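*Asks:* any chance you can model this:
(one chain, ligands or ions: 1)
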Amino acid sequence: MPTNGLRSQSWYAGSSGDEERSGYIHRAWMRRGLPDDAFTGRPQIAIANTASDLTPCNSHLDEVAAAVRDGVHEAGGIALNLPVVSLGETLLKPTAMLWRNMAAMSTEEMLRGNPVDGAVLLGGCDKTIPSLLMAAASVDLPSVVVPGGPMLTGTFRGRPLGCGTDVWRLSEEVRSGELSAEDFTASESAMIRSRGHCNTMGTASTMGLLAEALGTVLPGTAGIPAPDSRLLRAARESGRLAVEMVRADRRPSTLLTEGSFRNAIVALAALGGSTNAVVHLLAIAGRLGIPLSLDDFDRIGSGVPLLTDLQPAGRYLMEDLHRAGGLHAVLREVRDLLDPEALTVTGRPLAGYLDDARIWDTEVIRERERPLQPDAGIAVLRGNLAPDGAVIKPAAATPELLSHRGRAMVFDSIEDFRARVDDPDLDVDADTVLVLRGCGPKGYPGMPEVSNLPLPPKLLRQGVRDMVRICDGRMSGTAYGTVVLHVAPEAAAGGPLALIRTGDWIELDVAARTLNVDLPAEELAARKPSTEAAAGYAAPVRGWERLYVDHVRQADTGADLDFLVGRSGSAVSRDSH
Ligand code: FES
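*Replies:* So this is what the prediction gives:
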């Protein structure tokens, strides 16, 4: 049994009989260079490391882990490398989101099943920080996140390139004939200038910064570019901090509150962050038992000004944000909207770290009195098309389209869309509303980032650059446009999106927070779901996909698995040795 409050002592401190033999085995197999005092009361800190060659945004995290290790040892702990499931956004098929919950579940179980007292969580690419935080919340061990940081700004022919966002822009220019295929290929090698994750305010940047706004990152360190030597200093200090957190018993359940999520939502709005953060924050809150709802994003985010001029909607990139003062400079401008009590991993409130923050470039970070938009939150829409809600990011939309009525052009799957979008006879004009279904958590499965449908080439050639699009899937954080997404319930779960037909009139009114199809309730109720769409929802027969489809919840509650919601804590169920 633990003699000093450390759970790892349950493995190492056997004192008699079977316990003594078990302690011998646990210690002996772990020695391999560790000093004799490694097992007598020194906090055991797992470095949950998502470094992987197949997650290129995180491939530098082994070096970050080495700095964490130094810090852990300096503070008297023992650092233990724990490679965990890593999800690479660009490579994983059919979509990385299909495995976010699996990554979270496996990390949670490995932290619980091993002699670990605390953890340092190394993430970066989109799903990695959410999955690590979900795991830490459920196992409830002292944990600090080290975001891997964004890459430096690449340039092509004198212009900065925002990875992700400019891929959309350049590919649309190819489709419209403005850019040659050769020039498009030439831009490829300029896009990724350095180690690190996408350099726009995409999902990875958003979640790294929101992890700090939540209080789970060493204050002042999220957003440091990956090649910047200050990242290694932050990693080293985070290693020391993890040891201190164990000694102070500072766990996610003692740290994270409704106020922490308020701060994250305010930060999300002021930064103009990714819509994916809605799903991830809901899932993390669900693990903690914090009653966060979709409507909280609208309620808290409403009236929060957009203060950063960052791609995908704006001009600058993450390197510029850091240079201009970073997250703290942004939060200082909206300090009155933050929860002053919400704590950070240091045990001090986040708000207490903002006193010295300054804006060094007011083009990148605007002052409160000069926002890019006065109201930048995520808008939550409801209506007969989305009874449980849908979201839109007004900051990334075309203002004139935020109130719109148009006829639907319906696609039953992303494959159906791809097969027809280039057809010059496709019956669409600039007012058409493109509707894509079959892309929700169950329907795809995995809720892919396809909602920002490319526009039909015939309209691109006419100069159309944005249209209203509606989908039950997600959108890349690096994308932009007037896109209504996360429609819940999704078509595959019986949502009314399955009942829409091409030619129906769709009404979007973001100011009124409504999304409707202009049909009498009786007619909508009498309709049968599209048989073509239903055919695409055949449940996978085995493996993770089967488990996922059987248990995944809808987007409005975070798309977690129903049996993973909540926390189990760090107690092990049985002890066989
Ligand atoms: Fe990894 Fe964008 S692909 S963060």
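
*Asks:* what parts of the protein come near the ligand?
*Replies:* Taking Cβ under 6 Å from any ligand atom as the contact definition, the chain meets the ligand at 57, 89-90, 125-126, 164, 197-198, 202, 204. Where you see a C-beta, it was placed from the backbone N, CA and C, and this is true even at glycine.

*Asks:* flag whichever of those residues scores worst on pLDDT.
*Replies:* Of all those, Gly164 carries the smallest pLDDT score, 75.

*Asks:* residues touching the residue in the stretch 401-550 of the chain positioned nearest to the ligand, list them.
*Replies:* Proximity of the stretch 401-550 of the chain to the ligand (Cβ to the nearest ligand atom) peaks at Thr478, 6.8 Å away. Applying Cβ atoms under 8 Å, 6 or more residues apart in numbering, one finds that Thr478 lies in contact with 162-165, 167-168, 198, 200, 202-203, 311-312.

*Asks:* my guess is it is in a helix, correct?
*Replies:* No: under the criterion used here (DSSP: H, G, I helix; E, B strand; the rest coil), Thr478 is coil, not part of a helix.

*Asks:* measure it to Ser59 for me?
*Replies:* 19 Å (Cβ to Cβ, to the nearest Å).

*Asks:* can you pull the buried residues of the strand or helix carrying Val549?
*Replies:* Using DSSP states H and E, Val549 sits within helix 543-551. By 16 or more other Cβ atoms under 10 Å, the buried positions in helix 543-551 come out as 545, 547-549.

*Asks:* what comes into contact with it?
*Replies:* Under the criterion Cβ under 8 Å, 6+ apart, residues 98-99, 101-102, 441-442, 445-446, 539-540, 561-563 lie in contact with helix 543-551.

*Asks:* list buried residues within those residues.
*Replies:* The buried subset of those - by 16+ other Cβ under 10 Å - is 98-99, 101-102, 441-442, 445-446, 561.

*Asks:* just the ones of the residues you listed in strands?
*Replies:* Per DSSP state E, strands hold no members of the buried ones among the contacts of helix 543-551.

*Asks:* show me those residues that map onto helices.
*Replies:* 101-102 (DSSP state H).

*Asks:* columns distance to Ala329 on top of the buried ones among the contacts of helix 543-551, output as a markdown table?
*Replies:* As requested, those are exported to a markdown table (distance: Cβ to Cβ, whole Å):
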| residue | distance to Ala329 |
| --- | --- |
| Leu98 | 37 |
| Trp99 | 35 |
| Asn101 | 34 |
| Met102 | 37 |
| Pro441 | 36 |
| Lys442 | 41 |
| Pro445 | 40 |
| Gly446 | 36 |
| Leu561 | 38 |
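
*Asks:* of the buried ones among the contacts of helix 543-551, closest to Arg251?
*Replies:* Closest approach to Arg251 among those (Cβ to Cβ): Asn101, at 21.6 Å.

*Asks:* how far off centre is the helix holding Val549?
*Replies:* 21 Å (Cα atoms, centre = their mean, to the nearest Å).

*Asks:* could you do stretch 8-28 as well?
*Replies:* On Cα atoms, centre = their mean, the centre of stretch 8-28 falls 40 Å from that of its chain.

*Asks:* for the record, mean pLDDT for it?
*Replies:* Here the average pLDDT along stretch 8-28 is 83.

*Asks:* start to end distance for that stretch?
*Replies:* 15 Å (Cα to Cα, to the nearest Å).

*Asks:* likewise stretch 445-457?
*Replies:* End-to-end span of stretch 445-457 (Cα to Cα): 28 Å.

*Asks:* got it, and stretch 106-119?
*Replies:* 14 Å.

*Asks:* try stretch 343-356
*Replies:* From its first residue to its last, stretch 343-356 covers 18 Å (Cα to Cα).

*Asks:* where in the chain is pLDDT low?
*Replies:* 1-4, 15-19 (pLDDT under 70).

*Asks:* could I have the CA atoms of the longest strand seen in it written out in CSV?
*Replies:* Secondary structure of the chain per DSSP E: the longest strand is strand 403-411. Taking Å, rounded to 0.1, in the frame of the first residue of the first chain, the C-alpha atoms of strand 403-411 are listed here in CSV:
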residue,chain,number,x,y,z
SER,A,403,-29.3,35.8,-43.9
HIS,A,404,-30.1,33.7,-46.9
ARG,A,405,-33.0,31.8,-48.6
GLY,A,406,-32.1,29.4,-51.4
ARG,A,407,-33.1,26.1,-53.0
ALA,A,408,-31.3,23.0,-51.8
MET,A,409,-29.0,20.9,-54.0
VAL,A,410,-28.7,17.7,-51.9
PHE,A,411,-25.8,15.2,-51.9
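
*Asks:* roughly how far apart are Glu237 and Leu80?
*Replies:* The value you get for Glu237 to Leu80, if Cβ to Cβ is used, is 19 Å.
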